[in-house]
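Undergrad: take this sequence and fold it.
(2 chains)
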Amino acid sequence: MVDSSMVLWGQTIAYTMYCLVILLVMGWFAYKITKTGKDNRVKPALFYTFVGFLTVLGVSLHIITYNTIPWTPVDLNRSEYVPDKTFDITVENHEFFLPAEKLVIDCNDLVLFDVTSKDLTYGFGVFRQDNSMVFQMQVVPGHRNDILWQFDKPGIYTIRSTEYSGPRGIFMILKDVVEVLPCEGS
Amino acid sequence: MSFKNTFMNGAESLFKPDSLTQIQKIVLRFVVVGLVFYAFAVIEGMIMRIYAVDPISFISTDQYFAILTAHPLVGIFGSTYALVFGAFLFLTPYLMKKPLYSVKLANWALILLTSGVLLFWIAGFISHYAPLYTLYWPLPADFSQFSVWGGTFFILGIAILMVGTLFFIINIFKTIIYTPEGWEKQPAAALLGSAIGYTGLRNMLRKKENKKEHLVPLPVAAIARGTVDMVLNTGIILFTGVLILVFMLGNILGFDLEETAVDALLYKNWFWWGLDLIADGLVLIFVAGTWYLLAVMITGKKLFMQNIARAALLLELVVSWTVWSHHLLSDQAQPAVLKVVSGELVTAFELITQGLAFFIVLATLWAARPLKMTNPLKFLLGGLLGFALAVPAGIMQADVGLNRILHNTQWIIGPHVHVAILVGLTMTLYAAVYILFPIVTNGAKLYSQKLANIHFWFHLFGGIGMGAFMGMAGLNGMLRRTLYVDGEFNTYMILAALSGSLLLIAFLVFFYNIVMSLGLKGVIGIFMPSKLKTKELLPE
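TA: The predicted structure follows:
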């Protein structure tokens, strides 16, 4: 299944390619405008084509991600899903309070993390052991902060706050507190 | 000329501060203040880059976060606002071919901006008040972490700065619509309608023969429309400041006001609506207007697709009012419809409005080739490149799916924010500084072209390099607004710090070049009262 590392890998390739192209185009343009050219006119048709291209690009990005990133439709329609497991987590005074010492998850289960802040705005993020991010959300006091996630790879994960909540917030890390059990047949 | 003589009197002793009009002096004062605050921001930035590699022992964590709070505020309000105020207080009357409405108001805008920035900076430095520029509720009123007095002076500084901003706004709009003494009565309503885009909008519905001509030049229309966003964001920031001050005064007077009286999500929405009128509003509109002006001044030709450019500025204004929700894509209580419509689709419009401005400027330059690669032209191209890199990065993160794994990572602040501000915006401002330099100094000569070239290349490579390495760290999970004390991302952070040092060197080289161009006596002379009491922009 597509996971966050695969999505980020795809984004890295796409954005790097774009950067190289735009750097080359601007370099070429900077060189060419210092030289005499045969035809200096720019046809309006080229302009309108460019605007049309940008419109298609801007809209299609979201259509593509909606249909290829598995968590996007789940996230936007999460009230329609029934979670296999729910974890109610509280945050107060720069500390996470988990329902158990370790959050154990069966592979491929749809898990709901329901996080409540009793004071400040925090973040809630799950990270792999190499520090890369699995997902995150904001934790706003006075509101429900819930996220559905399906873990399809076994492993040990860390929870940390992903939003600044004052200097004390940098210590809001719970190392190795999420365990996803081995998947069937793996 | 000897080094000492040049240092004292400027390159070839050409700069004569006594020859400057009042307006020229105000513009140059704004530039000096803007550059000094840029020095603050770049030094703070360098400290944070080093801290990201290895926390500096004599700077405490609390001090680090105070720096993190002050850095963007000094950069945007202290430096960019000062440079923009100076440039536009000159360009608006210059392009409208009439005197500035009020010299006194311009001077007060400078005084309030400078004192407001200094006040919040000093308050943050001494008290370590550090709720960040986002001020997420109720952090600014969390007096278990922050000094209430430090916070009070900090917010007061922001409020003073906002009053200075209001003075600038009044001066700009009054300059567009007022009738100078001895002039024929000016059509104030028609001028305002043309400036903010109402005439253009009506023209779209009129028959060709009934279309009305535009009364204000295109760059002035950009200045006016960006200033509309400035009015709104100044109001939001002032309102929020007063709200925070109420809680602070309550605490000082012994009343413990209930923080839950303010809904944190609603607060986040209105505050981001206001902040985004800067980031996705006036900055983009001012930049597009400055690009158009630079393209016309550099080529001496008409702007390509001028009417479309004018319409795009109006579209950008409307987009800027409805785009804020991309900052709340990770807030689960934010309605999904706002996430998709405002957060994703309206934000995607910025690709079109900025892309359109980008194309129009390139087409205008292309039509005038061959062009000499002057300082304004090369910095303009750098500015265009900066936005060409940063806007798509922003569009990517303004996606519900991608935001889930990019929000609050170094990706946001690197390839998007810093590349947009340092490469896109700052290089555009440098282009404006280089092109206006001989006009506002009455023909002073740049001390060294070699130094200007070093400034360009170091700034370009430094800005893009820093953004790129921060972005790579972000894609690997590194968060912003926190500290990693075990060197988890040191490879990227060392490379980002090296790139940052290029930016610092570029600035020092530029600053030295400007001081050597004007001379120490010249720089001091800028701050002396003008001997020419005329309201005219330039000496006769």
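Undergrad: which other helices and strands does the helix or strand harbouring residue B:319 contact?
TA: When elements are assigned from DSSP states H and E, residue B:319 belongs to helix B:306-321. Using 3 or more CB pairs under 8 Å, 6 or more residues apart in numbering or on different chains; DSSP states H and E as the contact definition, the elements that helix B:306-321 packs against are helix B:198-205, helix B:218-252, helix B:264-277, helix B:283-299, helix B:347-367. In short, each C-beta sits where N, CA and C put it, glycine included.
Undergrad: can you mark which positions in it are buried?
TA: Within helix B:306-321, the residues that count as buried by 16 or more other CB atoms under 10 Å in any protein chain shown are B:308, B:309, B:310, B:311, B:312, B:313, B:314, B:316, B:317, B:319, B:320, B:321.
Undergrad: let's verify the residue of chain A most remote from its centre: helix, strand, or coil?
TA: Computed with CA atoms, centre = their mean, the residue of chain A farthest from its C-alpha average is residue A:38, at 48.2 Å. Taking DSSP: H, G, I helix; E, B strand; the rest coil as the rule, one finds residue A:38 in the coil state.
Undergrad: residue B:56 and residue B:48 touch, don't they?
TA: No - assessed by CB atoms under 8 Å, residue B:56 is found out of contact with residue B:48, at 9.9 Å.
Undergrad: quick one: contacts for residue A:173?
TA: If you count contacts by CB atoms under 8 Å, 6 or more residues apart in numbering or on different chains, residue A:173 has them with A:158, A:159, A:160, A:161.
Undergrad: could you give the bridge partners of it?
TA: Listed beta-bridge partners, residue A:173: residue A:160 (assigned using DSSP bridges).
Undergrad: now for the residue nearest the centre of chain A: which residues touch it?
TA: Chain A has residue A:135 as the residue nearest its centroid, 5.6 Å off, counting by CA atoms, centre = their mean. Going by CB under 8 Å, 6+ apart, residue A:135 touches A:4, A:71, A:125, A:126, A:147, A:149, B:404, B:405.
Undergrad: try it again with 10 Å
TA: Counting by CB atoms under 10 Å, 6 or more residues apart in numbering or on different chains, residue A:135 touches A:3-4, A:71, A:75, A:113, A:124-127, A:147-149, A:162, B:330, B:404-405, B:407.
Undergrad: swap in residue A:27?
TA: B:381, B:385.
Undergrad: assumed it was part of a helix.
TA: Yes - using three-state DSSP, the secondary structure at residue A:27 is a helix.
Undergrad: tell me who's in contact with residue A:112.
TA: With contact set as CB under 10 Å, 6+ apart, residue A:112 has these partners: A:78, A:81-88, A:146-149.
Undergrad: beta partners for it?
TA: Each beta-bridge partner of residue A:112 is listed here, defined by DSSP bridges: residue A:86, residue A:148.
Undergrad: coming back round to it: next step: the contacts of residue A:135 restricted to helices.
TA: Applying DSSP state H to the contacts of residue A:135, the entries found in helices are A:4, A:71, A:75, B:404, B:405.
Undergrad: neighbour-wise, give me the winner out of the residues you listed.
TA: Note: the member of these with the most neighbours is residue B:405, at 27 neighbours, neighbours being other CB atoms under 10 Å in any protein chain shown.
Undergrad: so that one sits against residue A:71, correct?
TA: Yes - applying CB atoms under 10 Å as the test, residue B:405 and residue A:71 come out as touching, 9.0 Å apart.
Undergrad: overlap in contacts of those two?
TA: Counting by CB under 10 Å, 6+ apart, the shared contacts of residue B:405 and residue A:71 are A:3, A:4, A:7, A:134, A:135.
Undergrad: just to revisit the earlier point, can I get the contacts of residue A:173 in JSON lines with neighbour count?
TA: Shown next, in JSON lines, are those (neighbours: other CB atoms under 10 Å in any protein chain shown):
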{"residue": "A:158", "neighbour count": "17"}
{"residue": "A:159", "neighbour count": "22"}
{"residue": "A:160", "neighbour count": "22"}
{"residue": "A:161", "neighbour count": "28"}
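Undergrad: report the angle between the lowest-mean-pLDDT helix or strand in chain B and helix B:218-252.
TA: Averaged element by element with mean pLDDT, DSSP states H and E, chain B has its least confident helix or strand at helix B:198-205 (a mean of 81). On the basis of axes from the mean of the first three to the mean of the last three CA atoms, to 10 degrees, helix B:198-205 is oriented at 130 degrees to helix B:218-252.
Undergrad: distance from helix B:198-205 to the middle of the chain?
TA: On the basis of CA atoms, centre = their mean, to the nearest Å, the separation between the geometric centre of helix B:198-205 and that of its chain is 29 Å.
Undergrad: return the list of helices and strands in contact with the one helix or strand residue B:391 maps to.
TA: When secondary structure is defined by DSSP H and E, residue B:391 falls within helix B:375-397. Contacting helix B:375-397 under the criterion 3 or more CB pairs under 10 Å, 6 or more residues apart in numbering or on different chains; DSSP states H and E are the following elements: helix A:4-32, helix A:44-68, helix B:283-299, helix B:347-367, helix B:400-406, helix B:410-411, helix B:426-440, helix B:449-475.
Undergrad: sweet, I'm off.
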